[in-house]
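Undergrad: Just need the structure, nothing else, for what follows:
(chains A and B, ligands or ions: 2)
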Amino acid sequence: MTDAKKTRSYKLRIWRQPDAASTGRLVDYEVADVDPDSSFLEMLDHLNETLVKKGEEPVAFESDCREGICGACGVCIDGRPHGPVTHLTTCGLRMREFGDGVTITVEPFRANAFPVVKDLIVDRSSFDRVIERGGYVSVNAGSAPDANALPISTDMAEDAMDSAACIGCGACVASCPNASASLFVGAKIRQMKILPQGDVERTRRALAMVEQMDAEGFGDCSNHGECEAACPKAISIENIATLRREYLRAAFRS
Amino acid sequence: MDVEIVDGSLSSGSPDGDIQTKWDRHRFEMKLVNPANKRKYTVIVVGTGLAGGAAAATLAELGYNVLNFCIQDTPRRAHSVAAQGGINAAKNYPNDGDSVWRLFYDTVKGGDFRAREDNVYRLAQCSVNIIDQCVAQGVPFAREYGGQLANRSFGGAQVSRTFYARGQTGQQLLLGAYGSLMRQVDAGRVKMFTRREMLDLVVVDGHAKGIICRNLATGKLERYAADAVCLATGGYSTAYFLSTNAVNSNATAAWRCHKRGAYFANPCFMQIHPTCIPLSGPSQSKLTLMSESLRNDGRIWVPKKQGDTRPPSQIPEDERDYFLERRYPSFGNLVPRDVASRAAKLACDEGYGVGATGLAVYLDFSEAIERLGRDNVKQKYGNLFDMYEEITAESPYETPMRIYPAPHYTMGGLWVDYNLQSTIPGLHVLGEANFSDHGANRLGASALMQGLADGYFVIPYTLGNYLADTKPGFDDTNDPAFDEAETNVRGTIDRLLAARGKKTPREFHWELGRLLWDQCGMSREQEGLRQTAEKIRELRDEFWQNVHVAGSGEELNQHLEYAGRVADYFELGELIAVDAYNRNESCGCHLRLDHQTEEGEAVRDDENYSHVAAWEYTGDLSKPRLHREKLEFNNVHLAVRNYK
Ligand SMILES: Cc1cc2nc3c(=O)[nH]c(=O)nc-3n(C[C@H](O)[C@H](O)[C@H](O)COP(=O)(O)OP(=O)(O)OC[C@H]3O[C@@H](n4cnc5c(N)ncnc54)[C@H](O)[C@@H]3O)c2cc1C
Ligand code: FES
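TA: Ligands and ions are numbered 1, 2, ... in the order given. I've put the predicted structure just below:
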């Protein structure tokens, strides 16, 4: 604890919506005594404690690991998914990024395929359904050959890892003017395309995942590139190019 | 705090004979379910972490119907996702002398001889298959330039047997298991229930036959019936308030099974991880782990002078105490976690700690940067350094990290036999939720190994053995046992909402956490433990009188979810203190000040405490019954752990 750390106050405008069926609205709050080293979510915890003490209902928001890896957190802060610092999750964002006294607007990730559940919580199960259709290698436990039987170059492993790093938070969708899931889907497709293990199911995977992506109501990609900027893991839009190529190749072969 | 002790009531049920062939023999001797009959059985798997996700996917691959539950909005976010450093396996790819036997030996020794030999041996055997399985799934493990898998060393071992995917090993392994799970969802063999919290176990005629869940999105209570239940709900470090675990990690499912008859083993075996970012302020919600792999190249030190406030760069080399290297010359910075944590605490207690609170030691990379070059260090630890800088606004490339120990992992958990079955027939417990493999201290990179071994390679066999004797197709959610369990759950929820007191669950949790941290943390003392148990009881009474829970039960209500978990921490917390009080020895993480050498090393009492302490709930929280399972060491010689 730094000695006599100066705390900060903020004006907050937070989206409140009791459930999916109701309409929501922005509600104004004030929060004081915020430790600038605390995280954005800890600031919301702090607000919630004061709301509960006043007999008001706390703001619902999602989080779990609080260290940038589970993908649970994610809100729009002043219109930007995960807030002002690039390539950082909401849970990683620190209040020292916000000057004392400023107004901060907090809203859920917006997309047709991510309906609001309550307040800042949205339903991202559409991502699971896309993965269900083919975002894996079909191999049963117990049937694998020795792990070193298949050498994989460091470049390949690193490249695959760059795509596999996706945490499934949905910031790419929330940042896209078309609410497209191309970066999310492309990252999985690319990981599996680079690795030899993914080769056998390559055609089927691309067709099935794209079909599901469309069925979920995600929009088309028109190369805005906002997704890469919003991605906390800096997943490159090269993955979208791969998705297109893989889909065309698969469509041609099927 | 005298407790009733029962000996001879528990048996692991592992077969006799040579340890190296035990598992093979057991697999042959266990009963099988006819392939055509498997689809007639339904299995509930609670949890989608490495243990639960792997189990659900594998059981479905075998043909069972699986109902799989998790708290998060998707199975891919289970807390396993946060594991950074790596996963052990006795592959011996580096040819540096590793073997199944050595991994077995290291794990038993690392656990300070308080784990069951047979389970650990099987774990070491399965480790080899895990890596094969994960690579086949497309897990992008780090590679050598020749294309072979890369390994690194980890605390407590002198061979390199840790496989890793950057600093995101848990994430990649979990996504592998999640992929397999999603494939089974697509195939219709797994039904996935997200945003569900299991709040009670349903026991019908002595057998686990179902669960009661709260649908976290709607608040509705739901009943699910099955022919068996597998619990893979993770550890309970969050009882300590500040821990490295995810904020939704909890003790609730395991605790409520305990209250239905599952014994809780070694609850006081709590691992305090040496390398975490120190507490910065009262608003903090959790502590962040800095992977143990950092100790491969980072050097831990404090100033030689007490209360030295100079910045680290101005403290000359000969005025620094590299206390791990000094005290443990052969393992140095790579001593096991319990030893490293204790040494750091000792340094701080004696006034050598650094940073504003004096509750931190340095983890210094300047020598590594000089030796390996900044780029190499960046390649190995870049993402960890970035994470540290995000949180503290200090760059580890420029100035040493400040670290301090934090609650991290629970070796204790529900008691299970060799088949991973609890004391309730049909309730099997997997992963961190059980107690079986790590004794009094877990070695780094062994939890991921255990979760996946349990899920991919143990439960698929042992559950079949149970089901083979069970009539399939239990689906009666109108059984009176379901009514009783649901009424029980509703009663707890109503009580929480009715209190309308003055303190928030968080305030209570914070107080409980301080009590546990002070007395059931890195050092424990008998009288203090007695008082702590008492204080926890008092605070628990106050909790039920004076807690304030917002909102109602009929809606998404995170405040209510949290209050329910805190209520369970209060009950478990008392048992942690009672267990620590009754283990009159030091072993692994459990350092009793009345049982240590002059240098502060743990002194075991093998004659009287070479046992698993399994606690039975008797209906009175303050009068648990202690069942002692004697540990036999036929293959590893009981020795004083020596890392010097
Ligand atoms: C920061 C960190 C880093 C780590 N790094 C490593 C490492 O490098 N190597 C290593 O070996 N180990 C590491 N560990 C330990 C390891 O990650 C865990 O022990 C392991 O992942 C636990 O897996 P699990 O499957 O048992 O449980 P978890 O992954 O905790 O999963 C629990 C599951 O149960 C569900 N659940 C819980 N309660 C309920 C309920 N009441 N109702 C319904 N569902 C419920 C959750 O939703 C979740 O799906 C680390 C731990 C931490 C905290
Ligand atoms: S809470 Fe896990 S990524 Fe933010």
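Undergrad: I'd like to know how many residues surround A:Thr86.
TA: 13 (other CB atoms under 10 Å in any protein chain shown). Every C-beta, even on glycine, is put in place using the N, C-alpha and C of the backbone.
Undergrad: From ligand 2, how far off is it?
TA: 16 Å (CB to the nearest ligand atom, to the nearest Å).
Undergrad: Would you agree that residue falls within a strand?
TA: No: checked against DSSP: H, G, I helix; E, B strand; the rest coil, A:Thr86 lies outside a strand; its state is coil.
Undergrad: hang on, it packs against A:Ala229?
TA: Yes: counting by CB atoms under 8 Å, A:Thr86 touches A:Ala229, with 6.2 Å between them.
Undergrad: and A:Asp146, what does it touch?
TA: B:Asp132 (CB atoms under 8 Å, 6 or more residues apart in numbering or on different chains).
Undergrad: Helices of chain A, start to end?
TA: Per DSSP state H, chain A carries helices over the ranges A:40-53, A:125-132, A:154-164, A:171-175, A:182-194, A:202-215, A:226-230, A:238-253.
Undergrad: Please identify the buried residues of the lowest-mean-pLDDT helix or strand in chain B?
TA: Each helix and strand of chain B was given a mean pLDDT (mean pLDDT, DSSP states H and E); the minimum falls on helix B:374-392 at a mean of 90. Buried residues in helix B:374-392, counted by 16 or more other CB atoms under 10 Å in any protein chain shown: B:377, B:380-381, B:383-388, B:390-392.
Undergrad: Show the pLDDT at the closest residue in space to A:Pro232 that isn't next to it in sequence.
TA: Leaving aside its sequence neighbours, A:Pro232 sits nearest to A:Thr89 (CB to CB, 6 or more residues apart in numbering or on different chains; 4.4 Å). At A:Thr89, the pLDDT value in this model is 97.
Undergrad: Does chain B have contacts with stretch A:7-25?
TA: Yes: interface with chain B: stretch A:7-25 contributes A:18-19 (CB under 8 Å from any CB of the partner chain).
Undergrad: helix/strand/coil for B:Leu199?
TA: Secondary structure of B:Leu199, per three-state DSSP, is strand.
Undergrad: and it, how many neighbours?
TA: Neighbour tally, B:Leu199, other CB under 10 Å: 24.
Undergrad: so how far is ligand 2 from it?
TA: Look at B:Leu199 and ligand 2: by CB to the nearest ligand atom, they are 24 Å apart.
Undergrad: cool, A:Ala181 as well?
TA: A:Ala181 is 18 Å from ligand 2, by CB to the nearest ligand atom.
Undergrad: Wait, B:Arg592 touches B:Ser586, no?
TA: Yes: the pair B:Arg592 / B:Ser586 is scored as a contact, 4.9 Å apart, by CB under 8 Å.
Undergrad: Settle it for me: which of the two has more neighbours?
TA: B:Ser586 (27 against 21).
Undergrad: neighbours around the closest residue to B:Tyr643 other than its chain neighbours, how many?
TA: In space, and not counting its chain neighbours, B:Tyr643 is closest to B:Phe331: 4.1 Å by CB to CB, 6+ apart. By other CB under 10 Å, the residues close to B:Phe331 number 20.
Undergrad: Tell me which residues touch B:Phe331, please.
TA: Here B:Phe331 is in contact with B:156, B:158, B:324, B:643-644 (CB under 8 Å, 6+ apart).
Undergrad: residue ranges for the helices of the stretch 451-600 of chain B, please.
TA: B:459-467, B:480-499, B:505-519, B:526-546, B:558-582 (DSSP state H, counting those that start in this stretch).
Undergrad: Give me the residues contacting the helix or strand following the longest one.
TA: Stepping forward along the backbone from helix B:558-582, the first helix or strand reached (DSSP states H and E) is helix B:606-609. With CB under 8 Å, 6+ apart as the test, helix B:606-609 has contacts from B:113, B:583-585, B:587, B:638.
Undergrad: Could I get the CA-only coordinates of helix B:606-609 as CSV?
TA: The C-alpha trace of helix B:606-609 is given here as CSV (Å, rounded to 0.1, in the frame of the first residue of the first chain):
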residue,chain,number,x,y,z
ASP,B,606,5.0,-40.6,11.3
GLU,B,607,4.2,-42.8,14.2
ASN,B,608,1.0,-41.0,15.1
TYR,B,609,0.0,-39.0,12.0
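Undergrad: which secondary structure elements does the next helix-or-strand element following it contact?
TA: Downstream of helix B:606-609, the first helix or strand assigned by DSSP H and E is strand B:611-616. If contacts are counted by 3 or more CB pairs under 8 Å, 6 or more residues apart in numbering or on different chains; DSSP states H and E, strand B:611-616 sits against strand B:264-265, helix B:558-582, strand B:625-630.
Undergrad: Kindly state the domain boundaries assigned to the chain.
TA: The chain I'm using is chain A. Chain A resolves into domains spanning A:8-117, A:124-137+A:153-253 when parsed by automatic domain parsing.
Undergrad: let's do chain B instead
TA: Taken from automatic domain parsing, chain B resolves into B:273-407, B:491-630.
Undergrad: which one of these lies closest to ligand 2?
TA: When the domains of chain B are compared by CB to the nearest ligand atom, domain B:273-407 sits nearest ligand 2, at 9.7 Å.
Undergrad: Any residue of the closest one touching ligand 1?
TA: Yes: contact of domain B:273-407 with ligand 1 (CB under 6 Å from any ligand atom) involves B:Leu289.
Undergrad: Ok, stretch A:59-67 next?
TA: No: Stretch A:59-67 lies out of reach of ligand 1 by CB under 6 Å from any ligand atom, never closer than 7.0 Å.
Undergrad: So what touches that stretch?
TA: Residues contacting stretch A:59-67 (CB under 8 Å, 6+ apart): A:14, A:16, A:39, A:41, A:44, A:47-48, A:51, A:70, A:72-75, A:90-92, A:117-121, B:72-73, B:77, B:79, B:81-82, B:246-248, B:285-286, B:288-289, B:387, B:556, B:558.
Undergrad: near ligand 2, which of those show up?
TA: Near ligand 2, by the rule CB under 6 Å from any ligand atom, you find A:70, A:72-73, A:90-91 out of these.
Undergrad: Out of these, which comes closest to B:Asn215?
TA: Nearest to B:Asn215 among these is A:Ala72, at 18.0 Å by CB to CB.
Undergrad: Quick check: residues of the stretch 301-450 of chain B near chain A?
TA: B:356-357, B:387, B:390-393.
Undergrad: Now the stretch 201-350 of chain B against ligand 1: closest residue?
TA: B:Gly234 (2.5 Å).
Undergrad: Contact partners for the nearest residue to that residue once chain neighbours are set aside?
TA: Spatial nearest neighbour of B:Gly234, chain neighbours left out: B:Glu432 (5.0 Å); criterion: CB to CB, 6+ apart. For B:Glu432, the contacting residues are B:49, B:51, B:234-235, B:409-410, B:413, B:447, B:450-451, by CB under 8 Å, 6+ apart.
Undergrad: In strands only, show me these.
TA: B:409-410, B:413 (DSSP state E).
Undergrad: burial measure for residue 35, as a count.
TA: I'll assume chain A. 23.
Undergrad: that's the wrong chain, I meant chain B
TA: 9.
Undergrad: and if you look at B:Gln184?
TA: Neighbour tally, B:Gln184, other CB under 10 Å: 23.
Undergrad: Now do the contacts for the residue nearest to it when sequence neighbours are not counted.
TA: Using CB to CB, 6+ apart and skipping residues adjacent in sequence, the residue nearest B:Gln184 is B:Ala60, 3.8 Å away. The neighbours of B:Ala60, taking CB under 8 Å, 6+ apart as the test, are B:66, B:181, B:184, B:187, B:189-190.
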